[in-house]
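*Asks:* what's the 3D shape of this:
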Amino acid sequence: MAKENFTKKLAGMTMPHFSDLPNLDLYMDQVIDEVNQYLAPITHTDITKAMINSYVKKGIVDRPTKKRYSRVHLAKILVVSLLKPILSLDTIDQAMKIALKLDAPDKAYDQFIDLFNQELTDVDIDDLSAKQYQAMAIRSLLYKLVVDDLITNSQKA
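*Replies:* Below is the predicted model:
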């Protein structure tokens, strides 16, 4: 897919707010379908049962109740899946714990989604030079390092 088409496609996408997530508990296959409808077009990666089980095993996502996943589970799975390509699972876990100390799950998730959706809107960029690509990559690296440091230092405080 051409760069222009992908950035235009991203600019037209939105991730669901908490109230847009299903208000009934879902089984694993339903969770995968629900999450992938939002995730796959953006990340080009489908979430799998093994990934979700790994998040649960590591304690990043709470264990399902009677094999059913709630809105909070879905929200956490979406956040983890979006951030996983750039942050370690430990960093994501710590960041979510910080966010959930400050706000209720629905508010913390919606804040993240509002920021994410705004960035999706702003990503419509065309005709970048090699220097601009390099600057984007360098900025991404530096932001990742800053986030890692902020999360690590917040654990020590």
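*Asks:* looking at it, S70 is touching D25, isn't it?
*Replies:* Yes. Counting by CB atoms under 8 Å, S70 does reach D25; the two are 5.4 Å apart. All C-beta atoms are positioned from the backbone trio N, CA, C, and that covers glycine.
*Asks:* now what about stretch 109-128, what contacts it?
*Replies:* Residues from elsewhere that reach stretch 109-128 (CB atoms under 8 Å, 6 or more residues apart in numbering): 3-4, 7-8, 10-11, 13-18, 42, 75, 78-79, 82, 99, 103, 136.
*Asks:* how near is D20 to A75?
*Replies:* Computed as CB to CB, to the nearest Å, the D20 to A75 distance reads 10 Å.
*Asks:* likewise for K49?
*Replies:* From K49 to A75 the distance is 19 Å (CB to CB).
*Asks:* which one's more surrounded, these two?
*Replies:* Between K49 and A75, A75 has the larger neighbour count (other CB atoms under 10 Å), namely 23 against 11.
*Asks:* which pLDDT does the model give the closest residue to the more buried one other than its chain neighbours?
*Replies:* Among residues not flanking A75 along the chain, Y109 sits closest, at 4.1 Å (CB to CB, 6 or more residues apart in numbering). On the pLDDT scale, Y109 is placed at 98.
*Asks:* cheers, nothing more for now.
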